[in-house]
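1. Just to be clear, the model below is a prediction. Sequence and coordinates:
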Amino acid sequence: MRKLRGIKIREIWSRNVVLLSNFSYLSVLQIVTLLLPLVTYPYLIRVLGEELYGLVIFSQVIAGYFNVVISFGFSMLGAREVSVHREDKTKLSEIVSTITFIKSLCLLFSFIVLLTYLSLFDVQYRWLFALAFWLCILDVVFPTWFFQGIEKMKFITVISLISRGVFSSLVFVLISSKDDVLWFPLSNLIGVVLSGWISFYFIRREGVRFIIPSVRTIWKYVQGSYHFFLSNVLIQVYANSNKAIIGVFLGMGSVAHYDLAEKIVNLIRIPQGILSQTVFPRISATKSVSFIKRTFVLSVVMNIVLYVLLFVGVEQVVLFLGGADMLSAVPIVRILGLLAPVVAVSNVMGILTLVPFGYNKLFTQMIVISVISYLLMFAVVWGRDNVTLYSLSFINVSVEVVVSIISVCFVYKSNILWKRNTILL
């Protein structure tokens, strides 16, 4: 009996060592990913100016809409399928090959649509939008969901650090005036291509071979990711539309202010992102309710503390990054900072609970309701001619509050967290 207990303890310890290792690697990655743009931000905002920098961000927002089509919801489906079949090399080859093939087709289709649009309208800085689009190739050539599924976050960290380091270095070397603005997306693209080459090398080392998927297999994966795709499309409507709306209604200078606020807020959202990516494969494989409950408590407490720290120190951060001219971003940061504790609830209840337990339809319904809420709120603000950085920021937070409430209601309705659970972690 003592021997069996010792084996059980070693198994639990081994599983949690992997979890801790993945958390550590993702911590480094998330911190560097969000810090590097802040390193280049003071330089770019001064060299390009608020208006041109805002246009660069606006072009990335447009590219982000295409990226939703290209990803097609495979990030969650892929990570879940890889985590379940991680020991079956034949199945892994099918998963990686099929998802990569479908994403490549979506990439080609999206680029044709963009070229058609750019040829029909007189778009200022046409090449900026065309080059910004090719950042979407990262979703095809760098399958983070695969490494997430096999719980080897070291690969994601190493690849991302190399590519982002190359990009950030090129920004300082190649951009010295407003005339060099096209080097911004080109520098990013160079980093993307490099990360893709390295990632496929690591994937082949894992025993995965690329095959041509059958039409039947392709259709099966499309059907499997449909709900995730619909959710991503709907999330994009309210998660990233603010920048597009600000660009249209308030100008590119306001986009630059809002972008700075988002960048700062994203710093305190790093831990939740790391935690979510780390535990998602484990929850998908074990369905451990006790583990979800512990994750929920940790998420909420951690994000409340982080928001309080942000609220107190935000003025100094804005002054350091953007100077006195960007101080109007301070109240925006304090409003958007509320997203951290609010999203902590919806993240655990939605992505870490409903999705792993197969409640994809409930997850999609949750997103549909949130999008309707966003559109209604924006309609009220627009109707009152009150489209401002403050009103749009409040809308963003309010929608996430709706999402969190709905996610808790759906989890309660599905009775997931009250079922008997005997899995130990």
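-> Right, received. Where do you want to start?

2. what about Val345, which helix or strand?
-> Secondary structure assigned from DSSP states H and E places Val345 in helix 339-346.

3. Beyond that helix, next helix or strand please.
-> Counting by DSSP H and E, what follows helix 339-346 is helix 360-383.

4. average pLDDT for that next one?
-> For helix 360-383, mean pLDDT is 85.

5. go on, stretch 242-262?
-> 87.

6. Restricting to C-alpha, output it in CSV.
-> Output of stretch 242-262 as CSV, limited to C-alpha atoms (Å, rounded to 0.1, in the frame of the first residue of the first chain):
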residue,chain,number,x,y,z
ASN,A,242,-13.0,50.0,-30.7
LYS,A,243,-9.7,50.9,-32.5
ALA,A,244,-11.5,50.7,-35.9
ILE,A,245,-14.3,52.9,-34.7
ILE,A,246,-11.9,55.4,-33.1
GLY,A,247,-10.0,55.6,-36.3
VAL,A,248,-13.1,56.3,-38.3
PHE,A,249,-14.8,58.7,-35.8
LEU,A,250,-12.0,60.3,-33.9
GLY,A,251,-8.9,60.1,-36.1
MET,A,252,-5.6,58.3,-36.0
GLY,A,253,-4.2,60.4,-33.2
SER,A,254,-6.9,59.0,-30.9
VAL,A,255,-6.0,55.5,-32.1
ALA,A,256,-2.5,56.1,-30.8
HIS,A,257,-3.7,57.2,-27.4
TYR,A,258,-6.1,54.2,-27.1
ASP,A,259,-3.4,51.9,-28.3
LEU,A,260,-1.0,53.1,-25.5
ALA,A,261,-3.7,52.5,-22.9
GLU,A,262,-4.3,49.0,-24.2
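
7. who's in contact with it?
-> 41, 45, 50-55, 57-58, 61-62, 318, 321-322, 326, 328-329, 332-333, 336, 378, 387-389, 392-393, 395-396 (Cβ atoms under 8 Å, 6 or more residues apart in numbering). C-beta coordinates here come from the backbone N, C-alpha and C atoms, glycine included.

8. Please apply the same query to stretch 301-316.
-> So stretch 301-316 is in contact with 264-265, 267-269, 271-272, 327, 330, 333-334, 337-338, 340-341, 343-344, going by Cβ under 8 Å, 6+ apart.

9. List buried residues within those residues.
-> The neighbour count (16 or more other Cβ atoms under 10 Å) marks 264-265, 267-269, 271-272, 330, 333-334, 337-338, 340-341, 343-344 as buried among the contacts of stretch 301-316.

10. ok, and the closest non-adjacent residue to Ser176?
-> Val47 (6.7 Å; Cβ to Cβ, 6 or more residues apart in numbering).

11. quick one: the one you found and Ser177 touch, right?
-> Yes - between Val47 and Ser177 there is a contact under Cβ atoms under 8 Å: 6.6 Å.

12. Show me the helices in the stretch 1-150 of the chain, by range?
-> 2-71, 74-84, 89-120, 126-133, 138-141, 144-149 (DSSP state H, counting those that start in this stretch).

13. most tightly surrounded among those?
-> Most buried of these, by mean neighbour count (mean count of other Cβ atoms under 10 Å): helix 144-149, with a mean of 25.

14. Leu336 versus the residue nearest to Gly54 when sequence neighbours are not counted, what's the distance?
-> Nearest residue to Gly54, sequence neighbours excluded (Cβ to Cβ, 6+ apart): Met252, at 3.0 Å. Distance of Met252 to Leu336, computed by Cβ to Cβ, to the nearest Å: 19 Å.

15. what about these two, which has more around it?
-> Between Met252 and Leu336, counted using other Cβ atoms under 10 Å, the more crowded position is Leu336 (24 against 18).

16. and the more buried one, what does it touch?
-> Leu336 touches Ala261, Glu262, Val265, Ser393, Asn396, Val397, counting by Cβ under 8 Å, 6+ apart.

17. Filter the residues you listed down to just the ones in helices.
-> Ala261, Glu262, Val265, Ser393, Asn396, Val397 (DSSP state H).

18. Buried subset of those residues, written for PyMOL?
-> Selection of buried members from the ones in helices among the contacts of Leu336 for PyMOL, criterion 16+ other Cβ under 10 Å:
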select buried, resi 261+262+265+393+396
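
19. Let me know the closest of the ones in helices among the contacts of Leu336 to Val166.
-> Closest to Val166 out of the ones in helices among the contacts of Leu336 is Glu262 (23.8 Å), distances taken as Cβ to Cβ.

20. how far away is the closest one from Gln60?
-> With distances taken as Cβ to Cβ, Glu262 is found 12 Å from Gln60.

21. and what of Arg282?
-> On the measure of Cβ to Cβ, Arg282 and Gln60 end up 32 Å apart.

22. Quick check: which element contains the residue minimising distance to the centre of the chain?
-> Nearest to the geometric centre of the chain sits Gly273, at 8.2 Å (Cα atoms, centre = their mean). For Gly273, the enclosing helix or strand under DSSP H and E is helix 270-286.

23. Repeat that for Arg216.
-> Using DSSP H and E, Arg216 falls in helix 215-239.

24. what's the angle from that helix to helix 89-120?
-> Helix 215-239 runs at 50 degrees relative to helix 89-120, counting by axes from the mean of the first three to the mean of the last three Cα atoms, to 10 degrees.

25. Show the contacting residues for Ala329.
-> Taking Cβ under 8 Å, 6+ apart as the test, what Ala329 contacts is His257, Tyr258, Leu260, Ala261, Ile264, Val318, Gly322.
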